[in-house]
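A.B. asks: Just need the structure, nothing else, for what follows:
(chains A, B and C)
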Amino acid sequence: MPELPEVESAAVIARRALVGRTLASVVAHHPSQRRSLPARVARRIVGRRVVRVERHGKHQHFVLDDGAVIAVHFRMNGDWEVGRAGDPLARFARITFTASDGVRLSLVDSRALCTAAYHAPGAPPVLALGPEPDDLTTAWLGGVLARRRGPIKPVLLDQRVVAGLGNIYVAEALWRARVHPAREARALGDVQLRALVRGIKAAIADGFARQGRSRDGSRAHPFKVYDREGRPCARCGTPVARVTQSGRSTYYCPGCQRTA
DNA sequence: TTACGCCTGGAG
DNA sequence: CTCCAGGCGTAA
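C.D. replies: From the prediction side, this is the model:
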């Protein structure tokens, strides 16, 4: 699930569920989450009203009326499920926030890698994030890439470069820009740089467009190259290739993403 | 820069 | 059974 577009639509769900409501209970159901959100901390949250839900890159911040922040990160596959107090709990519910009027928001995450940390009033989380894709400029990206050695793909996964990109959207953005994932980051020319900025914005916009109609679970694979190894490139028909870069799969088209 | 741990499920 | 998974912090 969760890269920027997915986290944004999740944040909308959380916002609708909790903003303006007072938390009546907060429970971490899995030891892994209890480490970062122990019962004593959860008790401190109870009685507070949620005034705002912010998204920064892939992070979600529940801002409470005393200025405290609950920082949630889905990691690999977290998602929100909205229900009512007393409803049967989802099998992989890891944390539940129940409001005083009975609305319940559950963080569902089979792998239990999600994190939720409490930040006391006056000590907000410090995030090291680059610009959101919407605010990305060629000047910024060019400046950052000029100081990087190594292939472009892992650089784009660095949240300090651009906030919110993950393995899927980086592959999609590079495909749109026709840039080879192994291309030396600082060797990108102006034309490729501009194409890459456009590609990032377009890939993310495409993700957003998909969010609205993704709940009906129709089409499996709306991606251009991600998870399409061996299938023909939509642009040139060349079979999509998969390589490993810094331990993770990268999908690309060897036909139209050339110059490594 | 790479490798591993964190966790668990699903696919082959 | 083995391998893979949309992330990320820390260690080597």
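A.B. asks: Tell me the residues of the stretch 51-200 of chain A that contact DNA strand B?
C.D. replies: With CB under 7 Å from any atom of the strand as the criterion, the stretch 51-200 of chain A meets DNA strand B at residues A:F92, A:S110, A:R111, A:A112, A:L113, A:R148, A:R149, A:G150, A:P154, A:V155. To be clear about C-beta, it is placed using only N, CA and C from the backbone, and glycine gets the same treatment.
A.B. asks: Could you dump those residues into TSV and include neighbour count?
C.D. replies: Shown next, in TSV, are these (neighbours: other CB atoms under 10 Å):
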residue	neighbour count
A:F92	18
A:S110	13
A:R111	12
A:A112	18
A:L113	15
A:R148	15
A:R149	8
A:G150	13
A:P154	19
A:V155	20
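A.B. asks: Tell me the residues of the stretch 51-200 of chain A that contact DNA strand C?
C.D. replies: Residues of the stretch 51-200 of chain A lying close to DNA strand C by CB under 7 Å from any atom of the strand are A:57-58, A:73, A:75-77, A:111, A:113, A:157, A:159, A:166-168.
A.B. asks: buried subset of those?
C.D. replies: A:G57, A:K58, A:H73, A:N77, A:L157, A:Q159, A:G166, A:N167, A:I168 (16 or more other CB atoms under 10 Å).
A.B. asks: Go through those residues and say which is closest to DNA strand C.
C.D. replies: Using CB to the nearest atom of the strand, A:G166 is the member of these that lies nearest DNA strand C, at 2.2 Å.
A.B. asks: could you list every residue that touches the closest one?
C.D. replies: Counting by CB atoms under 8 Å, 6 or more residues apart in numbering, A:G166 touches A:P2, A:E3, A:L4, A:K58, A:L157.
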